[in-house]
Every structure is written in C-alpha cells, then in structure tokens.
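Engineer: attaching a predicted model along with its sequence, questions to come.
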Amino acid sequence: IGLDYDRTQFCDKDIQMKWFLRQLELAKDTKLPIIFHNRNTGGDFERVVREHRDSICGGVVHSFTGDVQEMQALVDLGLYIGINGCALKTEEGLAMAAQIPLDRLVLETDAPWCGLRPSGPASKHVKTKWAEVKRDKFVRGTMVKDRQEPAHTLHIAEVLAAVRDVPLKELAAATYSNTIKVLFPAEAV
C-alpha cells in the first residue's frame with residue numbers, strides 16, 4: 001500500500017491518499033505488517049506514516065529508491081528498507097544502500113521488474129551467472145533475459161555485500177532474519 005506520485009495519470013493524489021489512509025486502517029484492524037510503496041511523494045508518505053506509526057505493526061518500504069536522508073527518516077520510524085535493482089542503478093543508489101543499517105535491510109526482486117542492468121555500476125559486483133535466453137526462445141531451466149526472477153535476489157545480495165564490504169553469508173543471514181522479524185514476527189528468534 002502507499003503513494004506513487006509518478007503515476008498520477010492513472011490515479012490522482014487525492015484518491016491515492018484517501019485509499020492509503022483506508023488501507024492503513026485495515027492494517028491496524030488486522031495487525032498485519034505492511035509492504036509500503038513510496039515513489040516521489042514529496043514527504044507526504046513519510047508524514048502519513050509518522051502520523052499513523054503507533055498503529056502500524058511493522059513494515060517494509062518496498063523497492064526503495066530514495067536518498068540517504070529519506071532512508072534514515074524511514075528507518076527512524078522503525079521501518080525496514082527493501083532493496084532491489086531499481087535502487088542500484090546509480091553510484092548514488094549504491095552509496096545509499098551501503099548506509100542502510102544491516103538490521104533494517106530486506107532483499108527483494110520486484111519480479112519481473114527492477115533487474116540489474118549489465119551496464120550499471122552494480123553489475124561489476126555480480127558473481128553468479130545463469131544461462132539466459134530471449135523470451136521467445138524460452139527453455140526450461142534457463143532464465144529469460146532482462147526479466148527479474150526470485151533467484152535474482154542472490155544478485156542483489158552479492159552487490160550489497162560488496163558495497164558494504166561484508167561477507168555474503170553475513171548479509172544473507174541478516175536479511176533473512178530481518179524478513180522473518182518483519183513478516184513473521186511470531187517465528188522470529
């Protein structure tokens with residue numbers, strides 16, 4: 001749930017806000033964690049979450065692409081930050097991702113979107129490669145070129161481990177633990 005001011009041609013800001021507030025009420029009633037969407041909201045998203053923070057039972061700001069200050073403000077609200085290839089398209093994005101507190105970082109793909117680009121700055125950190133084919137030549141056991149798949153979470157982890165200068169296993173263990181804490185708190189150790 002959330003706000004996306006880059007897509008107002010599909011749904012204007014007032015309607016988005018109306019239903020964002022209603023969805024926050026539903027989340028409060030159900031006591032479920034929230035996967036938040038926040039794109040180009042000029043502070044509206046952070047303001048609304050701040051106003052409703054006491055009724056939010058945890059959440060992840062999905063596909064985060066903001067700057068360090070916005071990330072820190074959301075972390076200060078107790079939220080987790082979800083990172084996929086969209087955040088890692090620029091050197092600034094890599095630098096921001098390196099500063100997310102490890103205990104607030106969650107990995108995601110946003111499949112089939114938000115993959116890492118071979119020409120992007122993150123690609124030099126990718127170690128794992130899979131066989132890929134064009135969509136019209138799909139063969140079982142191969143990846144479709146330029147389509148994000150859940151397995152690509154490994155690529156995100158490899159990039160984040162490299163830019164944070166931590167072992168991949170340490171990053172993977174921490175982000176797995178974070179995912180359990182936020183989405184399945186009853187199972188968290």
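Structural biologist: Structure received.
Engineer: right, and Glu132 touches Gln148 too?
Structural biologist: No. Checked against CB atoms under 8 Å, the pair Glu132 and Gln148 is beyond contact range at 11.9 Å. Heads up, the C-betas are built off the backbone N, CA and C, glycines and all.
Engineer: which one's more surrounded, these two?
Structural biologist: Gln148 (23 against 12; other CB atoms under 10 Å).
Engineer: show the contacting residues for that one.
Structural biologist: 84-85, 109-115 (CB atoms under 8 Å, 6 or more residues apart in numbering).
Engineer: make TSV from the residues you listed and add pLDDT to it.
Structural biologist: As requested, those are exported to TSV (pLDDT from 0 to 100):
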residue	pLDDT
Asn84	96
Gly85	94
Thr109	87
Asp110	85
Ala111	86
Pro112	85
Trp113	87
Cys114	89
Gly115	88
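Engineer: what's in contact with the helix or strand encompassing Phe45?
Structural biologist: Secondary structure from DSSP states H and E places Phe45 in helix 44-52. Applying CB under 8 Å, 6+ apart, the contact partners of helix 44-52 are 2-3, 5, 13, 17, 20-21, 24, 28, 36, 38, 56, 70, 73-74, 77, 79.
Engineer: quick check on these: which are buried?
Structural biologist: 2-3, 20, 24, 36, 38, 56, 70, 74, 79 (16 or more other CB atoms under 10 Å).
Engineer: so what touches the strand ranked longest in the chain?
Structural biologist: Counting residues, the longest strand in the chain under DSSP state E turns out to be strand 34-39. Applying CB under 8 Å, 6+ apart, the contact partners of strand 34-39 are 1-7, 24, 27, 45-46, 49, 56-66, 79, 82.
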